[in-house]
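*Asks:* sequence and predicted model, in that order:
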Amino acid sequence: MKSLLLSLLFAATGLARAAAPAASPIYGVTLPEGYRQWQFIAPAHETAPLDELRVVVGNPVAMAAIEKNQLPFPDGTVLVKLAWKHVQSAESPPAYVPGKATTVQVMVKDSRKYAATGGWGFGRFIDGKPADEAQHQTCWGCHQALVKNHDFVFTRLAP
Ligand code: HEC
């Protein structure tokens with residue numbers, strides 16, 4: 001009886017682990033639920049060699065802060081950047097449209113948990129799985145160096 005209970009317990013914890021979304025190394029950031037329905041902040045275009053189209057969206061906390069021009073962003077802010085290879089439209093060659101999805105990147109504001117990195121936790125996901133630790137070591141360095149004066153966030157609301 002006892003061993004049956006134990007094996008049930010193991011099975012249950014195994015299931016819980018399988019169901020839990022995978023978290024990014026260093027920061028433990030996961031892909032937020034429902035981000036495809038979030039509000040649009042701005043697009044971006046990355047030239048060669050990446051050749052990507054990107055769209056940054058924000059959760060309701062992010063959007064409220066942007067509306068008020070509130071900086072730093074409050075705790076609970078989540079920003080997501082979706083990216084695709086750009087491909088020439090088959091129907092209209094001068095147009096470039098989204099091709100294969102490349103990465104989904106996430107920034108989560110929690111000023112206590114992420115005090116060492118400006119209050120931001122970072123996650124980069126490829127096919128829904130977190131990228132490796134080496135990639136996550138690059139995030140803070142670039143955001144810190146280039147956008148200190150904008151709470152380490154590049155994207156502004158598109159006019
Ligand atoms: C070499 C510089 C650089 C590095 C390294 C970098 N980023 Fe960024 N990041 C940018 C730029 C520039 C943008 C603005 C949008 C764009 O051009 O794609 C951006 C935008 C973002 C955004 C949207 C919010 C914002 O700041 O505009 C998120 C989320 C993000 N990056 C996450 C990450 C994560 C996660 C990593 C590490 C895995 C990372 N970034 C590494 C330069 C960088």
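*Replies:* The structure has been received and is ready for your questions. Residues are numbered from 1 along each chain as shown.
*Asks:* tell me the helix or strand right after the helix or strand of the chain with the lowest mean pLDDT.
*Replies:* None of the helices or strands of the chain scores lower by mean pLDDT, DSSP states H and E than helix 2-19, at a mean of 50. Helices and strands here follow DSSP states H and E; after helix 2-19, the next one along the chain is strand 39-46.
*Asks:* stretch 150-159: how far from the chain's middle?
*Replies:* Mean C-alpha position of stretch 150-159 versus that of the full chain (Cα atoms, centre = their mean, to the nearest Å) differs by 15 Å.
*Asks:* compute the first-to-last residue distance for that stretch.
*Replies:* End-to-end distance for stretch 150-159, by Cα to Cα, to the nearest Å: 17 Å.
*Asks:* and stretch 121-134, what's buried?
*Replies:* Buried residues in stretch 121-134, counted by 16 or more other Cβ atoms under 10 Å: Gly121, Phe122, Gly123, Arg124, Phe125, Pro130, Ala131. For glycine as for every other residue, the C-beta is placed from the backbone atoms N, C-alpha and C.
*Asks:* surely Ala83 is in contact with Lys100?
*Replies:* No - between Ala83 and Lys100 there is no contact under Cβ atoms under 8 Å: 9.9 Å.
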